[in-house]
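Asks: Could you look at this predicted model? Sequence included:
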Amino acid sequence: MKAERLRFGTAGIPLSTPKPSTIKGIERVRELGLDAMELEFVRGVNIKPELAKKIKYVARKNDVLLTAHAPYYINLNAMEKSKVEISKARIIQSAERLHEAGGWSLVFHAGYYMKQPPEVVYKRIKDALRDIVRELQDRGVKVWIRPELTGKPVQFGDLRELIRLSQDIEMVLPAIDFAHAHARTGRCNSPEEWREMLALIEGELGKEALDNMHIHMSGIEYTDKGERRHLNLQESDLRWEDLLRILKEFRVKGVVISESPNVEGDALLMKRKWEELGRQL
């Protein structure tokens with residue numbers, strides 16, 4: 001489950017894909033000169049096991065790294081036990097299908113605080129994630145399990161919580177959404193702050209975490225309540241070029257997934273800038 005470089009790709013099938021399907025999307029990613037794609041299970045796991053095997057073949061043939069986003073309807077801190085169990089099942093099913101498709105890393109929003117003390121919420125989410133990882137290990141499923149840094153203060157998932165989960169449970173590492181970090185606090189938009197974030201990740205989780213980063217990037221519109229909607233990078237205040245310089249400085253590897261409305265446009269913008277930075281060294 002190790003990354004050999006930093007790849008760039010799209011959240012879902014590129015918009016320019018003729019006759020869109022997952023397989024056509026992977027082929028279009030390669031045509032564009034990108035090398036990653038995130039399967040969007042956001043409204044349910046819509047890929048059958050037989051199709052997953054075909055996807056694996058096409059992704060490997062085209063050297064496209066696959067990640068996935070589990071369904072949005074997940075709350076590992078739900079009041080009703082049945083909702084927690086359904087959430088766990090959705091993560092397990094997403095991870096299993098991604099594994100069958102030869103994928104690498106699964107991202108999801110872990111839950112909400114529900115006006116409870118953060119420490120109580122942390123324990124409940126940690127216990128649920130432990131159950132998930134145990135079940136996946138029993139099934140021989142090997143993908144990174146990634147609770148995401150979330151964009152609203154009411155959502156569980158600030159950086160320190162995610163680092164702690166990663167220390168407490170194997171197979172778990174954070175998914176870092178830099179737009180969410182910016183929206184959550186109104187800050188996290190300067191080289192100094194990004195250096196601080198990456199140094200904290202490396203200091204607490206080791207070089208392995210920086211060698212296997214799952215990053216989401218887009219512009220973002222936000223209010224004092226956090227994330228409102230995604231924007232294209234060049235229409236936002238996110239200092240994305242400076243951010244890429246800091247990722248280069250820390251020799252980050254893994255994947256950057258564009259979640260901008262012009263999904264492949266911004267993925268290509270970032271990949272070209274990354275290559276330009278490489279030539280400047």
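Replies: Thanks, I have the structure now.

Asks: use CA for all of it now, contacts and neighbours both
Replies: Will do.

Asks: For Val120, grab phi and psi.
Replies: The phi/psi pair for Val120 (degrees, to the nearest 10) reads phi -60, psi -40.

Asks: As a check, name the ranges of all strands in the stretch 1-150 of the chain.
Replies: Ranges of strands in the stretch 1-150 of the chain, per DSSP state E, counting those that start in this stretch, are 6-11, 36-40, 65-69, 105-108, 144-147.

Asks: mind checking which of these is nearest Gln234?
Replies: Evaluated over these, closeness to Gln234 peaks at strand 6-11, with 16.8 Å, by CA to CA.

Asks: Now do that closest one and strand 65-69, the angle between them.
Replies: In terms of direction (axes from the mean of the first three to the mean of the last three CA atoms, to 10 degrees), strand 6-11 departs from strand 65-69 by 50 degrees.

Asks: Could you report the neighbour count for Val120?
Replies: Using other CA atoms under 10 Å, Val120 has 12 other residues around it.

Asks: Next: Glu276.
Replies: 11.

Asks: Just want to check the distance between it and Glu241.
Replies: 11 Å (CA to CA, to the nearest Å).

Asks: Looking at the strands of the stretch 1-150 of the chain, spot the one closest to Gln137.
Replies: That would be strand 144-147 among these, by CA to CA, at 11.5 Å.

Asks: In the stretch 1-150 of the chain, where is pLDDT below threshold?
Replies: Along the stretch 1-150 of the chain, segments meeting pLDDT under 70 span 1.

Asks: could I have the helix or strand containing Ala267 exported to PDB, CA atoms only?
Replies: Following DSSP states H and E, one finds Ala267 within helix 263-280. Extracted in PDB, the C-alpha atoms of helix 263-280 (Å, rounded to 0.1, in the frame of the first residue of the first chain):
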ATOM      1  CA  VAL A 263     -12.500  18.600 -11.900                       C
ATOM      2  CA  GLU A 264     -10.000  17.700 -14.600                       C
ATOM      3  CA  GLY A 265      -9.100  21.300 -15.400                       C
ATOM      4  CA  ASP A 266      -7.800  21.900 -11.800                       C
ATOM      5  CA  ALA A 267      -6.100  18.500 -11.600                       C
ATOM      6  CA  LEU A 268      -4.200  19.300 -14.800                       C
ATOM      7  CA  LEU A 269      -3.400  22.800 -13.500                       C
ATOM      8  CA  MET A 270      -1.900  21.300 -10.300                       C
ATOM      9  CA  LYS A 271       0.000  18.500 -12.100                       C
ATOM     10  CA  ARG A 272       1.600  21.000 -14.500                       C
ATOM     11  CA  LYS A 273       2.600  23.300 -11.700                       C
ATOM     12  CA  TRP A 274       4.000  20.300  -9.700                       C
ATOM     13  CA  GLU A 275       6.100  19.300 -12.800                       C
ATOM     14  CA  GLU A 276       7.300  22.900 -13.200                       C
ATOM     15  CA  LEU A 277       8.400  23.000  -9.500                       C
ATOM     16  CA  GLY A 278      10.300  19.800 -10.100                       C
ATOM     17  CA  ARG A 279      12.200  21.400 -13.000                       C
ATOM     18  CA  GLN A 280      13.100  24.400 -10.800                       C
END
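
Asks: And the contacts of that helix?
Replies: Residues from elsewhere that reach helix 263-280 (CA atoms under 8 Å, 6 or more residues apart in numbering): 7-11, 14-15, 32-34, 218, 232-233, 241, 244-245, 248, 257-258, 260.

Asks: ChimeraX command for the buried members of these?
Replies: To isolate the buried ones among these in ChimeraX, judged by 16 or more other CA atoms under 10 Å, type:
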select :7,8,9,10,11,14,34,218,232,233,244,245,248,257,258,260
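
Asks: which ones among the contacts of helix 263-280 are found in helices?
Replies: Among the contacts of helix 263-280, DSSP state H puts 32, 241, 244-245, 248 in helices.

Asks: Let me have those in a markdown table, extended by distance to Thr150.
Replies: Below are the ones in helices among the contacts of helix 263-280 laid out as a markdown table (distance: CA to CA, whole Å):
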| residue | distance to Thr150 |
| --- | --- |
| Leu32 | 29 |
| Glu241 | 22 |
| Leu244 | 20 |
| Arg245 | 23 |
| Lys248 | 24 |
